[in-house]
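Enquirer: turn this into a model:
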Amino acid sequence: MRDAGADGPLAARWAHWKREKRVSIAHVMRYGGVARHTIEAIRDGRTRQPSERVLRGLARGLAADPYDGATDPGLEREIYRDLRAAALAGGLDDAAQAAEVLRAALVGVVGDAERASAWAETVERLSGLDAAAVRALGRGRASWRPV
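Expert: All right, here's what the predicted structure looks like:
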């Protein structure tokens with residue numbers, strides 16, 4: 001059996017929720033509206049950062065009751081947040097890399113490397129941003145609002 005985390009954080013969280021909810025890929029396809037090849041790409045680690053639509057579909061499909069398909073909105077939201085955090089975290093190896101991504105993003109915003117570094121240090125110190133949040137900000141995929 002393969003190590004569930006070997007293909008990245010998202011693949012590991014997908015495996016966790018699939019086991020936890022005891023649902024099949026066909027179930028997630030039916031109730032979440034996500035294509036089999038997309039689910040398999042996530043499972044195999046070929047896709048580490050799917051679109052928001054895919055993440056929401058996975059959450060909806062995983063949260064759907066196996067018998068009647070009814071979805072618990074609170075559980076769906078919990079699964080979505082977990083999968084989204086894993087998708088944002090995929091690829092960052094350490095805090096130093098996260099800091100570099102933040103600095104590069106700030107250079108693009110303020111246009112000055114020295115000021116960007118000062119801002120990055122302040123943001124890291126005051127916000128306690130984790131690697132996933134820094135990476136998302138660096139790629140323009142997230143805002144400052146909490147998830």
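Enquirer: only C-alpha atoms for contact and neighbour calcs from this point on.
Expert: Will do.
Enquirer: tell me the spacing between Pro9 and Asp72.
Expert: 24 Å (CA to CA, to the nearest Å).
Enquirer: show me which of these two is the more surrounded one.
Expert: Pro9 (21 against 12; other CA atoms under 10 Å).
Enquirer: setting aside sequence neighbours, what's the nearest residue to the more buried one?
Expert: Ala86 (5.0 Å; CA to CA, 6 or more residues apart in numbering).
Enquirer: okay, now that neighbour: neighbour count?
Expert: When counting by other CA under 10 Å, one arrives at 21 neighbours for Ala86.
Enquirer: what packs against the host helix or strand of it?
Expert: Per DSSP states H and E, Ala86 falls inside helix 73-89. Of the remaining helices and strands, those touching helix 73-89 by 3 or more CA pairs under 8 Å, 6 or more residues apart in numbering; DSSP states H and E are helix 9-21, helix 52-63, helix 131-138.
Enquirer: circling back to that earlier point, quick check: the residue nearest to Pro9 touching His16?
Expert: No - under the criterion of CA atoms under 8 Å, Ala86 makes no contact with His16, lying 11.7 Å away.
Enquirer: could I get the buried residue list for stretch 34-49?
Expert: 34-35, 39, 42-45, 47-49 (16 or more other CA atoms under 10 Å).
Enquirer: actually stretch 72-80, not the one I wrote
Expert: Here stretch 72-80 shows 76, 79-80 as buried, counting by 16+ other CA under 10 Å.
Enquirer: pLDDT on it, on average?
Expert: Mean pLDDT, computed over stretch 72-80, is 91.
Enquirer: equivalent analysis for stretch 26-35, please.
Expert: Averaging pLDDT along stretch 26-35 gives 94.
Enquirer: neighbouring contacts of it?
Expert: Applying CA atoms under 8 Å, 6 or more residues apart in numbering, the external contacts of stretch 26-35 come out as 36, 54, 56-62, 64, 66, 69.
Enquirer: same thing but at 7 Å, please
Expert: 36, 54, 57-58, 60-62, 64, 69 (CA atoms under 7 Å, 6 or more residues apart in numbering).
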